[in-house]
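Asker: model this:
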Amino acid sequence: MSMKERLATESGKVPFTKMQGAGNDYVYVNTLLYSVPDPEATAIKWSDRHFGIGSDGLVLIGAPSDEAVADFSMRIFNADGSEAMMCGNASRCIGKYVYERGLFHGDTVRLETLSGVKILKLHIAGGKVESVTVDMGEPRFDVPEQYTAPETAPNGTMPVGTEGVFVSMGNPHYVIFVDDISKVDVAKEGRVLEFDKAFPERCNIEFAQPEARSSSAATLRTRVWERGSGITMACGTGACATAVAAAKTGRAARQSDIVMDGGTLHIEWGDDNHVRMTGPAAFVFDGEKEL
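Answerer: Residues are numbered from 1 along each chain as shown. The predicted structure is shown next:
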């Protein structure tokens, strides 16, 4: 046991780092040094914005199952304690964390997640990671375990005829296109849709309003209801799903700027069918807290 591990054990507290990507904030623990035996309970406790640290969830940075395939692993737990498959904003933050904390010295990080190994390209200037591009993999549209594709699409209490598109980016997303996003009650609609019977594993919900389009890119104002966390400032996989759904329905080309409450993410759906997301990552503060 290292000195840091011994001190953490004796004090009963574990060091953490709070980070955010486009306002999507998580608490990060380096489990190469510190153990979190019950991450589900810890995520609930630490995520509380009144009595805890305050976050959209808990992220554990660890060793990969196979060092020949990946450099680090990520486990992510939502604010309600449920474990997610993947988070694009969190993965960008991990790229910044491992580089700027001296755990990694290259510009391409292989990150193991529950939805496969993701490749993070770090954009570095002056020894700092200014932004990160993540290869989010290929979107899927026919995933029976995540979406039962009913004859009448789920739409909560949205107006009849509102169009929704299912896209899996490892985790399930349902993108609803609207004419005026300011009139959408995201909390009301999102809460209903997350638990709709069409989604056996529950679902992340995006509400998107196309704002502008050129021959090469589009801008879509998007708000998010995240499965297990509620309204969040941004969602990386949700931005990818929105861009893919917009391209699939003719609302955008293969590149989009997704404007979320916490910032803008640039999404490119390449000719190789891979979706790549570029966006910021930032440290908020460090601290330590009892489990």
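Asker: for stretch 116-131, buried residues please.
Answerer: Residues of stretch 116-131 classed as buried: 117-122, 124, 129, 131 (neighbour count, 16 or more other C-beta atoms under 10 Å). To be clear about C-beta, it is placed using only N, CA and C from the backbone, and glycine gets the same treatment.
Asker: pLDDT on it, on average?
Answerer: Averaged over stretch 116-131, pLDDT sits at 97.
Asker: for that stretch, the distance to its chain's centre please.
Answerer: Centroid separation between stretch 116-131 and its chain, computed with C-alpha atoms, centre = their mean, to the nearest Å, is 16 Å.
Asker: so what touches that stretch?
Answerer: Residues outside stretch 116-131 that contact it (C-beta atoms under 8 Å, 6 or more residues apart in numbering): 69-70, 86, 91-92, 94-96, 99-100, 106-111, 132-137, 170, 278-281.
Asker: so which of the residues you listed belong to strands?
Answerer: Among those, DSSP state E puts 108-111, 132-135, 278-279 in strands.
Asker: tell me the buried residues within these.
Answerer: Those of these that meet the buried threshold are 109-111, 132-135, 278-279, by 16+ other C-beta under 10 Å.
Asker: show me what contacts the residue most central in space within the chain?
Answerer: Centrality entry for the chain: nearest residue to the mean C-alpha point is residue 87, 2.7 Å, by C-alpha atoms, centre = their mean. Contact partners of residue 87, counting by C-beta under 8 Å, 6+ apart, are 24, 26, 57, 59, 74, 76, 235-237.
Asker: which two among those are spaced furthest apart?
Answerer: 74 and 235 (15.5 Å; C-beta to C-beta).
Asker: ok, the two, which is more surrounded?
Answerer: Higher neighbour count among residue 74 and residue 235: residue 235, with 34 against 23, using other C-beta atoms under 10 Å.
Asker: unless I'm mixing things up, that one is touching residue 227, no?
Answerer: No: applying C-beta atoms under 8 Å, one finds residue 235 not in contact with residue 227, separated by 9.7 Å.
Asker: what residues are shared contacts of the two?
Answerer: Both residue 235 and residue 227 are in contact with residue 204, where contact means C-beta under 8 Å, 6+ apart.
Asker: ramachandran angles for the residue lying closest to residue 214 once chain neighbours are set aside?
Answerer: If the residues on either side of it in the chain are set aside, residue 214 comes closest to residue 253, at 7.9 Å by C-beta to C-beta, 6 or more residues apart in numbering. Phi and psi for residue 253, reported as degrees, to the nearest 10, are phi -80, psi -160.
Asker: repeat for the one 5 residues further on
Answerer: Main-chain dihedrals, residue 258, degrees, to the nearest 10: phi -100, psi 110.
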